[in-house]
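1. what's the 3D shape of this:
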Amino acid sequence: MDNRMTYLVFWGLVVFTICSCQYDYSPKPRGYFRIAFPEKAYHTFSSTCPYEFDIPVYAEMGSDRSPDAQPCWMDIKFPQFNAQIHLTYMTIRDLENFNELVEDARTLAFNHTVRATAIDQQRINRSEARVHGLKYEIKGNAASSIQFFVTDSTKHYLRGALYFHEKPRLDSIQPVLDFIKADIDTLIHSLRWK
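-> Numbers count the residues shown, from 1 in each chain. Here you go, the predicted model:
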């Protein structure tokens, strides 16, 4: 009798489980919050530093506060996106120094090859404004998705790197990355040496 009771309870639970699942269950993909982007508008940033350019009105400009920062190192912060563009300005002393700065920019961009799926290079050439350089678009889950440097090849050198203060997941930051990429292009195309 005891085995028969166990047998009935077992099959009763099986029938109950099958009958209680009336709806198909399928796991939902992870969703992300909808991001409201501000309207694109720019103003000129100018200071005592030997450069000026246009920045978005929704960004905040500030001095780099790291202990080894030099006077014209700046951060363009995007608080609503938890991102910033770190700008490093250096004066070119001679040809050897110029070559070192260009190589440092390349090395810093290609340090991301461990996490990057590709690194695209785009030449910057605005001869009329004496602005030349390279922009690196780093594809994949790298810490910095865009890096660039611009120079007049004789005196001025400005390097920029975009960082998100989040774990780098390209699928979640891609819309914001595309939005800020347009701001970086505007910065590069409006840059003027003083």
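2. Low-confidence bits of this protein, can you list those?
-> Low-confidence segments of the chain, defined by pLDDT under 70, span residues 1, 19-26, 28, 30-33.
3. who does the longest helix along the chain touch, helix- and strand-wise?
-> Longest helix in the chain by number of residues (criterion: DSSP state H): helix 170-190. Contacts defined by 3 or more C-beta pairs under 8 Å, 6 or more residues apart in numbering; DSSP states H and E place helix 170-190 against strand 42-46, strand 51-56, strand 83-91, strand 131-140, strand 144-151, strand 156-164. Yep, even glycine has a C-beta here, placed from its N, CA and C like the rest.
4. which residues are contacting the fourth one?
-> If you take C-beta atoms under 8 Å, 6 or more residues apart in numbering as the criterion, strand 131-140 is touched by 105-106, 109, 112, 115-126, 144-153, 170, 181, 184, 188, 191, 193.
5. ditto for the first one
-> Contacting residues not belonging to strand 42-46 are listed as 52-57, 61, 186, 190 [C-beta under 8 Å, 6+ apart].
6. try 6 Å this time
-> Counting by C-beta atoms under 6 Å, 6 or more residues apart in numbering, strand 42-46 makes contact with 52, 54-57, 61, all of which sit outside it.
7. of all those residues, which comes closest to Phe81?
-> Taking C-beta to C-beta as the measure, Pro56 is the one of the contacts of strand 42-46 closest to Phe81, at 10.7 Å.
8. Surely that closest one touches Asp183?
-> Yes: between Pro56 and Asp183 a contact is recorded at 5.1 Å, counting by C-beta atoms under 6 Å.
9. And Cys72, its phi and psi?
-> According to degrees, to the nearest 10, the main-chain angles of Cys72 amount to phi -100, psi 20.
10. list the contacts for it?
-> For Cys72, the contacting residues are 49, 89, by C-beta under 6 Å, 6+ apart.
11. Can you tell me how far it is from Arg130?
-> 18 Å (C-beta to C-beta, to the nearest Å).
12. for Pro67, same thing?
-> From Pro67 over to Arg130 the distance is 32 Å, taken as C-beta to C-beta.
13. out of these two, which sits in the busier spot?
-> Arg130 (16 against 5; other C-beta atoms under 10 Å).
14. Neighbours of Pro79, how many?
-> 10.
15. Next up, phi/psi of the closest residue to it other than its chain neighbours, please.
-> Spatially, and ignoring its direct neighbours in sequence, Pro79 is nearest to Glu60 (6.5 Å; C-beta to C-beta, 6 or more residues apart in numbering). Here is the backbone geometry of Glu60 (degrees, to the nearest 10): phi -120, psi 130.
16. Glu60 contacts Asp75, doesn't it?
-> No: if you go by C-beta under 6 Å, Glu60 and Asp75 don't touch, sitting 8.4 Å apart.
17. Which residue of the two possesses the greater neighbour count?
-> Neighbours of Glu60 and Asp75, each counted by other C-beta under 10 Å, are more numerous for Asp75; the result is 18 against 12.
18. secondary structure class for that one?
-> Put simply, Asp75 is strand when judged by DSSP: H, G, I helix; E, B strand; the rest coil.
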